[in-house]
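Visitor: The following block contains a protein sequence and its predicted model.
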Amino acid sequence: MPRPKGSKDIPKRKKAMILAQKNVGVCSNKKIAENFGVSESTVNQINSRTVDTATLLLSRKYQAELSARLDRINDKILDAIEKKVDEGGNKLTELSTAFGTLFDKQRLHQNQATEITQNYTESDLARELMRRLIEKRGWSKEKALAAAKQEFPEAELS
């Protein structure tokens, strides 16, 4: 199947999915182009100003679905952190990195600042981890604090 010549040749559903992935910030435009079999310049052309209303609404639906998937992944990461902490596990570097990356992606989706415009300290990430453990898992402040200190030993927490 030949590659589309430009964004006008792409079906609405595919265009909406491309726009949703761009807006959520899950991966680079290059990766999106590879995933959908279009050129990177075509992906760059697709934005909320260049699509019709129906495509934009469909894109928002897909964006909400992607956001829900990110939330489910976040829950799995929190489950894994909880399990490791309960087992008295070692430092959870990979899980901490995954948590930080997901935190960043969720902020992008919510149109909030990310590392591009704001740097997160270990203390910021530790406080966010604590907040989520308390709110989503019902942990006590003390248990969440112990987990955050284990994950982010350089963090300044009280």
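Guide: Structure's in. What do you need? This structure is a prediction, so every number in the text was calculated from the model and none was measured.

Visitor: Ala147: neighbouring residues, count only.
Guide: Ala147: 23 surrounding residues under other C-beta atoms under 10 Å. To be clear about C-beta, it is placed using only N, CA and C from the backbone, and glycine gets the same treatment.

Visitor: typo on my end, it should be Glu128
Guide: The burial count for Glu128: 17, using other C-beta under 10 Å.

Visitor: Send me the host helix or strand of Lys22 as CSV with only the CA atoms.
Guide: If you go by DSSP states H and E, Lys22 is part of helix 12-24. This file holds the C-alpha atoms of helix 12-24, laid out as CSV (Å, rounded to 0.1, in the frame of the first residue of the first chain):
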residue,chain,number,x,y,z
LYS,A,12,-10.2,10.8,9.4
ARG,A,13,-9.9,8.0,11.9
LYS,A,14,-6.2,7.6,11.4
LYS,A,15,-5.6,11.4,11.4
ALA,A,16,-7.6,11.6,14.7
MET,A,17,-5.4,8.9,16.2
ILE,A,18,-2.2,10.7,15.1
LEU,A,19,-3.5,14.0,16.6
ALA,A,20,-4.5,12.2,19.9
GLN,A,21,-1.0,10.7,20.2
LYS,A,22,0.6,14.0,19.5
ASN,A,23,-1.5,15.8,22.1
VAL,A,24,-0.9,13.2,24.8
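
Visitor: Show residues contacting the helix or strand that that helix is followed by.
Guide: From helix 12-24 onward toward the C-terminus, using DSSP H and E, the following helix or strand is helix 29-36. Outside helix 29-36, the residues that touch it by C-beta atoms under 8 Å, 6 or more residues apart in numbering are Lys14, Met17, Ile18, Gln21, Lys22, Cys27, Ser39, Glu40, Thr42, Val43, Asn44.

Visitor: Setting the sequence-adjacent residues aside, check what's closest to the last one.
Guide: Pointing back at Asn44 there. Leaving aside its sequence neighbours, Asn44 sits nearest to Asn29 (C-beta to C-beta, 6 or more residues apart in numbering; 5.9 Å).

Visitor: and the gap between that neighbour and Asp79?
Guide: 32 Å (C-beta to C-beta, to the nearest Å).

Visitor: residue boundaries of the helices in this protein?
Guide: Under the criterion DSSP state H, the chain contains helices at 12-24, 29-36, 40-45, 53-87, 93-109, 122-137, 141-151.

Visitor: Show me the contact partners of the last one.
Guide: The list of residues contacting helix 141-151 from outside it, by C-beta under 8 Å, 6+ apart, reads 81-82, 85, 91-92, 95-96, 99, 126-127, 129-130, 133-134, 139, 155, 157.
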